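# return a 3D structure for these sequence lines:
(4 chains)
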Protein chains: 4
Amino acid sequence: MIPRYSRPEMTVIWEPQTRFRIWFEIEAYACDALAEIGVIPRESAKAIWDKADFVTFDVARIDEIERVTKHDVIAFLTHLAEFIGAESRFVHQGMTSSDVLDTCLAVQLSRAADLLIADVDALLSALKTRAHEHKYTPTIGRSHGIHAEPTTFGLKLAQAYAEFTRARERLVEARREISTCAISGAVGTFANIDPRVEDYVAHKMGLTVEPISTQVIPRDRHAAFFATLAVVASSVERLAIEIRHLQRTEVLEAEEFFSAGQKGSSAMPHKRNPVLTENLTGLARLVRGMAIPAMENVALWHERDISHSSVERMIGPDATVTLDFALARLTNVIENLVVYPENMRKNLEKLGGLIHSQRVLLALTQKGVSREDAYAMVQRNAMPVWRGEGDFRTLLGQDKDVSAKLSPAELDALFDLSYHFKHVDTIFARVFGQA
Amino acid sequence: MIPRYSRPEMTVIWEPQTRFRIWFEIEAYACDALAEIGVIPRESAKAIWDKADFVTFDVARIDEIERVTKHDVIAFLTHLAEFIGAESRFVHQGMTSSDVLDTCLAVQLSRAADLLIADVDALLSALKTRAHEHKYTPTIGRSHGIHAEPTTFGLKLAQAYAEFTRARERLVEARREISTCAISGAVGTFANIDPRVEDYVAHKMGLTVEPISTQVIPRDRHAAFFATLAVVASSVERLAIEIRHLQRTEVLEAEEFFSAGQKGSSAMPHKRNPVLTENLTGLARLVRGMAIPAMENVALWHERDISHSSVERMIGPDATVTLDFALARLTNVIENLVVYPENMRKNLEKLGGLIHSQRVLLALTQKGVSREDAYAMVQRNAMPVWRGEGDFRTLLGQDKDVSAKLSPAELDALFDLSYHFKHVDTIFARVFGQA
Amino acid sequence: MIPRYSRPEMTVIWEPQTRFRIWFEIEAYACDALAEIGVIPRESAKAIWDKADFVTFDVARIDEIERVTKHDVIAFLTHLAEFIGAESRFVHQGMTSSDVLDTCLAVQLSRAADLLIADVDALLSALKTRAHEHKYTPTIGRSHGIHAEPTTFGLKLAQAYAEFTRARERLVEARREISTCAISGAVGTFANIDPRVEDYVAHKMGLTVEPISTQVIPRDRHAAFFATLAVVASSVERLAIEIRHLQRTEVLEAEEFFSAGQKGSSAMPHKRNPVLTENLTGLARLVRGMAIPAMENVALWHERDISHSSVERMIGPDATVTLDFALARLTNVIENLVVYPENMRKNLEKLGGLIHSQRVLLALTQKGVSREDAYAMVQRNAMPVWRGEGDFRTLLGQDKDVSAKLSPAELDALFDLSYHFKHVDTIFARVFGQA
Amino acid sequence: MIPRYSRPEMTVIWEPQTRFRIWFEIEAYACDALAEIGVIPRESAKAIWDKADFVTFDVARIDEIERVTKHDVIAFLTHLAEFIGAESRFVHQGMTSSDVLDTCLAVQLSRAADLLIADVDALLSALKTRAHEHKYTPTIGRSHGIHAEPTTFGLKLAQAYAEFTRARERLVEARREISTCAISGAVGTFANIDPRVEDYVAHKMGLTVEPISTQVIPRDRHAAFFATLAVVASSVERLAIEIRHLQRTEVLEAEEFFSAGQKGSSAMPHKRNPVLTENLTGLARLVRGMAIPAMENVALWHERDISHSSVERMIGPDATVTLDFALARLTNVIENLVVYPENMRKNLEKLGGLIHSQRVLLALTQKGVSREDAYAMVQRNAMPVWRGEGDFRTLLGQDKDVSAKLSPAELDALFDLSYHFKHVDTIFARVFGQA
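Next up, the predicted model:
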């Protein structure tokens, strides 16, 4: 997590102050529940809220205590006791540090997921707008980087929309999976704490109860969470690379918005580089790389070891902050993308009509030519065009075998662009729902 | 995928014969649909089934054709034409190779997912049986590899049960995501094929329709699929490592079944090694490693490139076959696991009562001692026990500050094991449902 | 490892027959050494060679024995005893299975490294030839996919040559690291086997002695080996992607050789796709993904566990066979690459002279204009060109501030291509050595 | 990179101030070289040093400029011009941003490598001391977590020493690979800058010349660098896991130093957890995970794109800072490791003599028993011991077949521990060199 690739709303989730506040709430709600079931005095539970609810925790002081105790939760509780006084002995009763730490992480990751879902929503909105704007803007579809058949720029964006709809569903599921609360004590047996405390804290913190914990919340949940972020990041990369391709000098069908004052290159003043989407490509690699340590965290020893902790201290903030930034940046790129329909048209015509080869092939087979023969007839007229030696429509007209089967008018009809767009509406309805 | 770590049911999904059969079905159903909407003659569609439905495809012949055409689907279609004759010109009308390849892969991966889900069901069943068998078998809970507090062996297995219940849910979701059919033509515009064909083939092949494809089914679906397998493999690793720990010479609380005739070591005849679970640890690494290439496959260029293909030719079989084998092996390990309750009991008592330290701590605070003081009182009596210099219960009885607060009878009660198991039933009900 | 992406020379290294032969040699040489130091009778050592040296091991029989013993080395030794008879009791004296397995793997990986180094040599040779062929073929250099300044196609290939020179050095180093022999007994103490046996076997098998083993050869060596393969694969990917870019329809500066009879697309007969380099992109992902499990193998428990074994059974063959295939395919692509200098020239001129913007910028600063002002002067004339509104040279000539500093002749000189190639020879000398 | 896992010496390498200072030196040395070859006035080059050499760059000001220009090097140069004045137009002549950025990164990574090599040296020193201290401390060697045969604790540490000797060699090689300087202009052709400038700057910055760059230094170098760090991290993990195993309650052969005041658990005051080595396990996962994005960075598009930049902004600091911290922490753990030889002895005797089974097996075969028979004889006496039903030595004495071959005195000799340590000196000499 570095400031350059961070946004404040996500960053704040991971600040010490936020963490200590969540810890406090978990402890204080647990006291409420303990009071309710008669384990500690009601007035003590109340006193904890009264004395500490509005406290801004002194991060430096807590750090100072931790340097002695080498234990962060004990340091926090010691600091808390400085406010609360005698009642502090009721805090953390029968709980273990992980009850606080893991439940807090669940709160943080679920809040992070909320932001990521909102990010995707903003991206979806941008994609939808631009997709409809270019629903019928013709452009060449490319497979293998080679011109294939016409499509529309709206369809390209509709594909991205559909992909991020899936990303959203996965994030919602990942959020659901990660949002559990464990207050189950030293090895998860509730020996020293009643399960009703867990119920209450879960409810108050907006979480569900972890059915069975072993001091820690099981890390397969977190692995699934970070793996989901990695998959979403890969979709970010896909759209980013699409735009980078479109902005290539020879293609130039679209371009990232280039603000006044921006400099493309210290050496070459003419340049307008797709630096935002290149950046997104790199950010995607980062988020993807974090899935592996998250998965390696699953196999904790016995009821738990603490090897996951250092991993999560880094990838918790890093993966969520980076993906949040990436999604927001991508939304911005899409919203402001400069689209060049006239260049799309020029590129479409670049191959001298070859992109219509399949239609010709099909027309020939429908006239009774075998697939093999039709393929050969099309290919022998395509190859000279490919070498820049002629125009496909003209060559076909001059081919005796072809013209024996297809009249000039029939051939002309095969070169009609709108033929390719007759189902755009169907696809849009599938992707965006009926108008 | 190597025979040593393969099971036939999963392997067969990936054999050429299976693939060609699925290709044939996709092509033949597409012809049915084309006939239905009047694009090709009904009798031609029927002839395709009649002439090729019972054919065993000649893999060597197809390979031979592919060596010339360098294109697998064209090789298959050429071979198919050898059976079908003239009607073959109606096959693959308006379709592109990826329509066949990607829909086929969807069928294969969804079948693979079915097997994996069945594998998890078998594992869940084994875990449930053994968990109930050892519901109240006392064992020490360990955090950081250090004795913490008592738990039961049944709870350990219940945790695994809950974890694989989540694995199952993830597999079901991954199966849903991957099971889509695309018959949308060269760049996904349906220019040369009616969307109704896709509907029909999807229905017949047990798939849903891919809302928008671009010649290929988008690879974020596959990335999510293989990432899910990687997370499930990580859970396999967790349980495998638990068993490896339990089988350690110094621990020996459980042991893999050791068959008559089996040899543990060529050099050391006494050895009984947890080789199955060690093997599972390695297999988990393999499946996990495959998630990264799957994610790198997402960002195909424009409407598609074919870089994903070589990756999927390997990880498609490798990840599913390996995870299938691993889940089955793990089920076998659990079913036949030799459990040593008496060793669990011996280990429980190893620390001279230290595992009850928290109960003492809590009892002291409940008697009005501050948390800080109680912690110090407990720790000063714990450290000699740790060094092997005495028994915790005895030392506590001799501590003036402690005995001022807790009577001998109260102290004795704090060392009672059943105290820890009072909520086992609650947890079992959460995990396995009410009896 | 699948036949489609395998070459026989590498595949044979991993066949059971090869493995058993290496096992036999290790055991037989060990017997020679044991005889030499008087532990076993000389005639017994000789008998082992006499009776088994020309044997083709019966893989099926060994598998059959292994199904009972569940131990591959014991199965092999049992089978070996069937040939050798009574003398077989001297075989494997004081050794442990890993002595055989790990030393065998070292032999296999060093042979594999030899092939990979030879592959890189062939690739280097192809790159050198084509680089010199196109030493002065002008082409546009691109940063961010955007035209930057002129370079030559030879320089592009020279860069790849330099990169694969480094790849070669890394492979040589990885080979050196992996080529160690361990014959040190159960936990590596030589308790039951004299270190001189290890010396002798190492020498005979072309390996160096592992200074300290713990039954196993330490897996950091293997991790470094597979990580090296992953880095080399990433360089394969780089060159593959370069070619894919060059073959794009809009660029078409180079093209993979397209054989007669080859079909680019089942649907679109005109297409010529860079399928070989796309394939290489995927293969690179596969090899890269294998580095992670290899690294996870390092932390074996205590003196060893066997979790690495299943990983290596797969990635040993898979990574080496795949990279061997990829390097050979890439060599083939380079050797047969169809280069279009005239298209390179066309593309060079595409930007209306903008690629010379830096030279103009520099010339202005050399005339005393501040860098900031020069940048602004260049940029304001570049932007219209970018929008297709004019030619850069013309606009500059019309700019009063520019023409105040640079005469028409001076401006013309700034648009001279050969200016950029004056150091090509220097760079070639650095990369290929002096002629 | 988070403060908790950072050390100042490494952190400072990555601070903006350090970066700007390196940028300045590169630019200023380049001016010196330009002056030397007569491109710019000597007094201008001198003025640059005079006016800016002692400047502390204003990071906030540079950030402010970058927000407008969106280009970090231009922002720096603009800021530099504020100090230097008119001479600033000679700065960066013919150079491109990457010349500065990549050469700077090479300086930073080579400095980081120096620290890492020093870290490894400190670790080696600690390992050597402790290895010699425990050269003959008997302990059980374990394979598969199961007792195998005796070894010494010194040998365990000697293995780690040998492993980190290799780690050191790899770091030295990685440092060599990464330490190159590129000052080659826009696409690496030296069109606007003389190669002698690169020579000079390389020499001054302690780097070698990059033979061929394409605006950027090729990223296979960086991939190899970060892959090396990942392999070293995996070795850290191995040693960390060894210690975690040794500290397990049931094993307790060694323990991390536990400082006064430290608290093991908020809930269980008796606990002493191996938290440092658990932490190292997690840190190793983090560093390992960064190898993948570094490898994905290799395939930049054409002469370069900037996707690598965001990756390196994070993993540059993160990987080096984390590994530096991990190595230092591991050194600290080794230096202060509390070793319990008496527990090692107790564990050694735990199996009732079974660890001598191989010696008995060998002795029997040396008496003429076939290997198969000897194996069976040993195993049938081993199994009861395994089940806790007797002592191995006694049972062997009572076995008629065994006692027919081995006298009581011969059997006793087979249970002698020193037998296993006769080659410890040989191994130490291999690892540490002759005394």
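# up against chain B, what does the stretch 251-400 of chain A have?
A:281, A:284, A:288, A:291-292, A:295-296, A:298-306, A:358-359, A:362, A:365, A:368-372 (CB under 8 Å from any CB of the partner chain). C-beta: built from backbone N, CA, C; applies to glycine.
# of those, buried ones?
A:281, A:284, A:288, A:291-292, A:295-296, A:298-306, A:358-359, A:362, A:365, A:369, A:371 (16 or more other CB atoms under 10 Å in any protein chain shown).
# give me the subset of the residues of the stretch 251-400 of chain A next to chain B lying in helices.
Judged by DSSP state H, helices contain the following of these: A:281, A:284, A:288, A:291-292, A:295-296, A:358-359, A:362, A:365, A:371-372.
# could you dump the residues you listed to a markdown table with distance to chain D and pLDDT?
Below are these laid out as a markdown table (distance: CB to the nearest CB, whole Å; pLDDT from 0 to 100):
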| residue | distance to chain D | pLDDT |
| --- | --- | --- |
| A:281 | 4 | 98 |
| A:284 | 9 | 98 |
| A:288 | 7 | 97 |
| A:291 | 8 | 97 |
| A:292 | 5 | 97 |
| A:295 | 9 | 98 |
| A:296 | 5 | 98 |
| A:358 | 30 | 82 |
| A:359 | 33 | 86 |
| A:362 | 36 | 83 |
| A:365 | 40 | 86 |
| A:371 | 38 | 80 |
| A:372 | 38 | 85 |
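# among these, which two are most distant?
Greatest spatial distance in these: A:296 and A:365, 54.2 Å, computed using CB to CB.
# from the stretch 101-250 of chain A, which residue is nearest to chain D?
The nearest approach of the stretch 101-250 of chain A to chain D comes at residue A:186, 4.9 Å away (CB to the nearest CB).
# point out where chain A drops to low pLDDT.
A:1, A:260-270, A:435 (pLDDT under 70).
# top helix in it by residue count?
Under DSSP H, chain A gives helix A:97-133 as its longest helix.
# can you name the next helix or strand after that one?
strand A:138-143 (DSSP states H and E).
# for that next one, name the packing helices and strands.
strand A:146-152, helix A:153-178, helix A:341-348 (3 or more CB pairs under 8 Å, 6 or more residues apart in numbering or on different chains; DSSP states H and E).
# coming back round to it: so is the longest helix of chain A next to chain D?
Yes - using CB under 8 Å from any CB, helix A:97-133 comes into contact with chain D via residue A:97.
# buried residues of that helix, list them for me.
For helix A:97-133, burial by neighbour count (16+ other CB under 10 Å) applies to A:97-113, A:115-120, A:122-124, A:126-128, A:130-131.
# repeat that for stretch A:373-382.
Going by 16+ other CB under 10 Å, stretch A:373-382 has these buried residues: A:374, A:375, A:377, A:378, A:379, A:381, A:382.
# what does stretch A:247-258 give?
By 16+ other CB under 10 Å, the buried positions in stretch A:247-258 come out as A:247, A:248, A:249, A:250, A:251, A:252, A:253, A:254, A:255, A:256, A:258.
# endpoints of it, how far apart?
Start-to-end span of stretch A:247-258 (CA to CA, to the nearest Å) is 12 Å.
# now it, how far from the centre of its chain.
Averaging C-alpha positions (CA atoms, centre = their mean, to the nearest Å) puts stretch A:247-258 24 Å from its chain's average.
# and the furthest pair within the buried residues of stretch A:247-258?
Farthest apart among the buried residues of stretch A:247-258 - using CB to CB - are A:250 and A:258, which lie 18.5 Å from each other.
# which members of the buried residues of stretch A:373-382 additionally contact chain C?
A:375, A:378, A:379, A:382.
# so which of the residues you listed belong to helices?
Using DSSP H, these in helices are A:375, A:378, A:379, A:382.
# of all these, which comes closest to residue C:51?
residue A:375 (61.5 Å).
# that closest one and residue A:317: what is the separation?
56 Å (CB to CB, to the nearest Å).
# before we move on, back to that, of the ones in helices among the residues of the stretch 251-400 of chain A next to chain B, closest to residue B:49?
Closest to residue B:49, out of all of those and judged by CB to CB, is residue A:371, at 18.7 Å.
# nearest spatial neighbour of that closest one, skipping sequence neighbours?
residue B:89 (4.9 Å; CB to CB, 6 or more residues apart in numbering or on different chains).
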